[in-house]
Structures are given as structure tokens and as C-alpha cells.
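K.L.:
how does the following fold in three dimensions:
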Amino acid sequence: MDGKRLERFESSQLHRCKGIVFDRSSEGDFRIKSPHHRFKGPVKKPDKLSDLQIRILKQCRDENKSRSEILINLNLTATGHFKKSLKELLDKKYLEYTIPDKPGSRLQKYKLTARGEGIIK
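P.N.:
Have a look, this model is predicted:
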């Protein structure tokens, strides 16, 4: 190898030369593996929900509720924080619309999904 040092790892059949990792295939050929490939841990972090979001999920546990019913039961007003929390729950699939084709319907209610039930148990 022209005087270049080659590190050999017998058990894994991986070889390293100048920072490049080679892998021996069953035919004996070498394939280059990415030198930048590193394990980055879990791809998705577990979701952290706010206290308000947990309270919203608990409101929808027994029956489907409209936005105004949730607000009344929680003794809140329709603030930006409430709307943002509700949207995040919908985006993360903890809640779903009862009328998915018309999200702005005056008859719209929110239903707890199986994923949402797993959070509040």
C-alpha cells in the first residue's frame, strides 16, 4: 500500500486508511463507507407537552368537545397561547377533527386519538 499504514479490525472486517473506512463484502471487494457516518442517537425526541396541552387532552377524554366547550371547562379565554397549543396537539396527532374536511366549521369538535390517550394515562 505504498508505505501507508492500514489498520485492520479482524472481527468486523472493517479497514481504515487515512480516515476512510472500508468494508469487505462477501466477494472480498472493498466498499467505502462514509467517514462522516456517526450514530446520532434517537432520531425523534419524546414530545414534551405543556400543562395546558395536558389539560386540553383530559377535556377530550370522555367525549368530543368544541373549542368553546374546552375554553369554558378550563375557565380560559381564546388567547394565542391556547390556539397554538391546540394546533400543536392536532399536528402531533394527539387530537383530531371530527369533521376533517372542514377545519373551520362552526360544528367542529376535537376527538382524542389513541396516541393522545397514551399520553394522559
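K.L.:
for the residue lying closest to Ile70 once chain neighbours are set aside, give me its contacts.
P.N.:
The spatially closest residue to Ile70, leaving aside those adjacent along the chain, is Gln59, at 5.0 Å (C-beta to C-beta, 6 or more residues apart in numbering). Bear in mind the C-beta positions are built from the backbone N, C-alpha and C, glycine included. By C-beta atoms under 8 Å, 6 or more residues apart in numbering, the contact list for Gln59 reads Lys65, Glu69, Ile70, Asn73, Leu74.
K.L.:
which one (most neighbours) among those?
P.N.:
Highest neighbour count within the contacts of Gln59, by other C-beta atoms under 10 Å: Lys65, with 21 neighbours.
K.L.:
that one touches Leu112, doesn't it?
P.N.:
No - with contacts counted by C-beta atoms under 8 Å, Lys65 stays clear of Leu112, the gap being 9.3 Å.
K.L.:
quick one: which of the contacts of Gln59 is nearest Asp51?
P.N.:
Nearest to Asp51 out of the contacts of Gln59 is Leu74 (C-beta to C-beta; 10.8 Å).
K.L.:
show me the domain layout of this structure.
P.N.:
For the chain, the structural domains run 1-37, 51-120, going by automatic domain parsing.
K.L.:
so for the last one, first residue to last residue, what's the gap.
P.N.:
With C-alpha to C-alpha, to the nearest Å as the measure, the ends of domain 51-120 fall 11 Å from one another.
K.L.:
how about Lys92: what's its closest non-neighbour residue?
P.N.:
Residue nearest to Lys92 in three dimensions, not counting chain neighbours: Asp47, with 6.0 Å by C-beta to C-beta, 6+ apart.
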